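Asks: predicted model and sequence below, questions to follow.
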Amino acid sequence: MKHPLYTWQRDCIEQWLANDGMGIVKVVTGAGKSRMALSGAKELELSLTNRLKVYIVVPKTFMVGQWTSFIMETYAEYGVNKEDIGCYYGLHKDTPDRSYMIYVINSARYALARHILIDFKKGHSVLVIADECHHYASAENRKIFDFLPKLSHSDKKNYFSLGLSATPLTEGFDDTLVPSLGPLIYTYGFGQAIESKVINNCVLYNIGLRFTGAESIEYADLSIDIAKLLSVSHKYTLISLKEKKQDFFIILRRLAGSKDLPASRWAIGLLGLLYKRRTLIHEASVRLECAAVLISRLDPLSTIIIFGERISQTDFLYESLDKMYPNKVARYHSEMGGDAKKQALDRFKNKEVRILVSCKALDEGFNIPNADVGIVLSSTSAQRQRIQRLGRVLRSSSTKALSNLYYFFISDTVEEKALLKEPVTQMQEFTLHYFSDEKHFSHDVYDELAHRVVEHMNKKKQDESIIDIMRYFLELGQLKSDWLLEEEAIQERVNQSQEKVEKNYWLCMLQMARMREENAALNRVDN
């Protein structure tokens, strides 16, 4: 291949080939799953004596273009061009005689199995690459695997598969995905990718917000009603409240559609209350205000992706930010037309705008490079969504040392605060609080160190005007990660600063870094 593979990609391909070209790969977003898959496919093809047909299945239409580009870039040295790549979705249905066929799942359900069986009759080998494979275990989507029971013993020897996902462990993983694609053969998580510098390191900021008085009362009333229904759950279901939340909701939704009318009514009533409470949390008015204040405190050159849960919320925030930063903001959500969505993404990728406000639609699949900052306005408890969103701001870049992800949560509610259930030891994580009345953030760790820096300056009997200037720059750094850089890196920025204001800011961050290291040393001694 023209560009060398990462070590993890090489190891993964070797593991896949050793497993007879079958298996599922769990790899963090942004680490290069697609390139690994295509490189593995080429190695497999070169080892075969018959023709290999590669079928790539994707969950969304926009991914067809991305995979077409991946194929042409990866296989450029082999003379592969656009004519060798076919697409099958909507009204665009190429004849499946190309070496590489890309199917969107909605069309693949009813055609892929039939097309694959034709290839086996012709004596070809077949490789199915299932991108975002966690989507393909549902009753409808699993139809893409209907060809498997019809394969002869010799055909099965010529069937190869590769499932790709950052979060493959979904309902139906064991019953559908493993029998169809093979077992989980390789895992590459955030910690490994950061340590190997395959993706950027990241600092996580969990920012606690508060309801208004009226919202707090409504939340308390809903919680009381929910508790009452849960207290009689034993009458209708064997659900254990100790089960994982995802399993609880899956069972609850099934019960709502059951023929047992008392149980169905109970489940529907409980789901309705839970939905109202979730909506109240997601649409808390303070979220939009906090986002605007936060952005005003960040580097004016930073590129930012904002993730929301409601389209109305996305539109309102877009309009507010567009007034604050004219021609620097774009939005992306499912109710926009195809051309408008494409234009928004293109403008962000080309750096015509630096803020992209989105609603769920960017959670997975998009190849959006070099966002410095992610702001999660509101979130579900779904582990998959958290991992996908974190992956949006971690793609490797030589121009940024640290990425930042700000996750808003409403304090003293059921809203999940943790971004990742599995720890990422390489990431630093802080909890902050936002006070709406004063438009003020508190950051216990940073604020304590900043206080010590000022005290140190006072002891040196610095002029009060100089200390006031330092307080100003220390406040500027509160919501950034500059103070977490190594001292050498900060000193380099001091040396490179052309303007006095910029130099003074970095000198303050240098003092913070030194105080941070001094504090860490004291903690080590105490322990």
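Replies: Nice, thanks for sending it over. Numbering: from 1, shown residues only.
Asks: hey, let's count contacts and neighbours off CA atoms from now on
Replies: Noted.
Asks: which ones are touching residue 433?
Replies: Listed by Cα atoms under 8 Å, 6 or more residues apart in numbering, the contact set of residue 433 reads 207-209, 441-443.
Asks: filter those to the buried ones?
Replies: Neighbour-count burial (16 or more other Cα atoms under 10 Å) applied to the contacts of residue 433 gives 207-209, 441-443.
Asks: ok, the host helix or strand of residue 375: who's next to it in the sheet?
Replies: Per DSSP states H and E, residue 375 falls inside strand 373-376. Sheet partners assigned to strand 373-376 using DSSP bridges are listed as strand 304-308 (parallel), strand 402-410 (parallel).
Asks: who touches the helix or strand following the shortest one?
Replies: Okay, so that is strand 304-308. Where DSSP H and E defines the elements, the next helix or strand beyond strand 304-308 is helix 311-324. Helix 311-324 has contacts (Cα under 8 Å, 6+ apart) with 283, 288, 292, 308, 328-331, 333, 357-359.
Asks: dump the C-alpha coordinates for helix 311-324 into CSV.
Replies: Output in CSV follows, covering the C-alpha atoms of helix 311-324 (Å, rounded to 0.1, in the frame of the first residue of the first chain):
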residue,chain,number,x,y,z
ILE,A,311,-34.1,19.6,16.0
SER,A,312,-35.9,22.6,17.4
GLN,A,313,-33.1,23.1,19.9
THR,A,314,-30.5,22.8,17.1
ASP,A,315,-32.3,25.4,15.0
PHE,A,316,-32.7,27.9,17.9
LEU,A,317,-29.0,27.6,18.8
TYR,A,318,-27.9,27.9,15.2
GLU,A,319,-29.9,31.2,14.8
SER,A,320,-28.5,32.6,18.1
LEU,A,321,-24.9,31.7,17.2
ASP,A,322,-25.3,33.0,13.7
LYS,A,323,-26.1,36.4,15.1
MET,A,324,-23.0,36.2,17.4
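Asks: list the buried ones in it?
Replies: By 16+ other Cα under 10 Å, the buried positions in helix 311-324 come out as 311, 313-315, 317-318, 321-322.
Asks: ok, now stretch 17-24?
Replies: Using 16+ other Cα under 10 Å as the test for burial, stretch 17-24 gives 17, 21-24.
Asks: what's the closest of the residues you listed to residue 436?
Replies: Proximity of the buried residues of stretch 17-24 to residue 436 (Cα to Cα) peaks at residue 24, which lies at 46.2 Å.
Asks: quickly list what the closest one is bridged to.
Replies: residue 163, residue 184.
Asks: isn't it right next to residue 166, touching?
Replies: No - using Cα atoms under 8 Å, residue 24 is not in contact with residue 166, being 10.4 Å away.
Asks: circling back to that earlier point, please flag which of the buried ones among the contacts of residue 433 sit within strands.
Replies: Under the assignment DSSP state E, the buried ones among the contacts of residue 433 contribute 207-209, 441-443 to strands.
Asks: tell me where the stretch 101-250 of the chain has strands.
Replies: With DSSP state E, counting those that start in this stretch as the criterion, the stretch 101-250 of the chain has strands at 125-131, 159-165, 184-188, 201-209.
Asks: lowest average pLDDT across the ones you listed?
Replies: Note on the strands of the stretch 101-250 of the chain: strand 201-209 shows the lowest mean pLDDT, a mean of 87.
Asks: just want the angle from it to strand 402-410.
Replies: 20 degrees (axes from the mean of the first three to the mean of the last three Cα atoms, to 10 degrees).
Asks: contacts for strand 201-209?
Replies: With Cα under 8 Å, 6+ apart, strand 201-209 has contacts from 194, 286-287, 394, 401-411, 417, 426-435, 481.
Asks: how many neighbouring residues does residue 49 have?
Replies: 9 (other Cα atoms under 10 Å).
Asks: where's residue 356, which helix or strand?
Replies: Assessed by DSSP H and E, residue 356 sits inside strand 355-359.
Asks: by contact count, what packs against that strand?
Replies: For strand 355-359, the packing partners by 3 or more Cα pairs under 8 Å, 6 or more residues apart in numbering; DSSP states H and E come out as strand 304-308, helix 311-324, strand 329-332, helix 338-349.
Asks: now the helices for the stretch 151-300 of the chain?
Replies: For the stretch 151-300 of the chain, applying DSSP state H, counting those that start in this stretch gives helices covering 153-157, 178-181, 190-195, 213-230, 245-256, 261-282, 286-297.
Asks: how about the CA coordinates for the third one, as PDB?
Replies: As requested, the backbone C-alpha atoms of helix 190-195 are provided in PDB (Å, rounded to 0.1, in the frame of the first residue of the first chain):
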ATOM      1  CA  PHE A 190      -9.500   4.900  23.000                       C
ATOM      2  CA  GLY A 191      -6.600   4.400  25.400                       C
ATOM      3  CA  GLN A 192      -4.600   2.300  23.000                       C
ATOM      4  CA  ALA A 193      -5.200   4.700  20.100                       C
ATOM      5  CA  ILE A 194      -4.300   7.700  22.200                       C
ATOM      6  CA  GLU A 195      -1.100   6.100  23.500                       C
END
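Asks: follow-up on the earlier one: which two in the buried ones among the contacts of residue 433 are spaced the farthest apart?
Replies: Using Cα to Cα, the two most remote members of the buried ones among the contacts of residue 433 are 209 and 443, lying 13.0 Å apart.
Asks: picking that back up, out of the strands of the stretch 101-250 of the chain, which comes closest to residue 62?
Replies: So among the strands of the stretch 101-250 of the chain, strand 125-131 is nearest, using Cα to Cα, at 12.8 Å.
Asks: quick one: that closest one to strand 159-165, angle?
Replies: Using the same axes, to 10 degrees, the direction of strand 125-131 lies 10 degrees away from that of strand 159-165.
Asks: what packs against strand 125-131?
Replies: For strand 125-131, the packing partners by 3+ Cα pairs under 8 Å, 6+ apart come out as strand 52-58, helix 105-121, strand 159-165.
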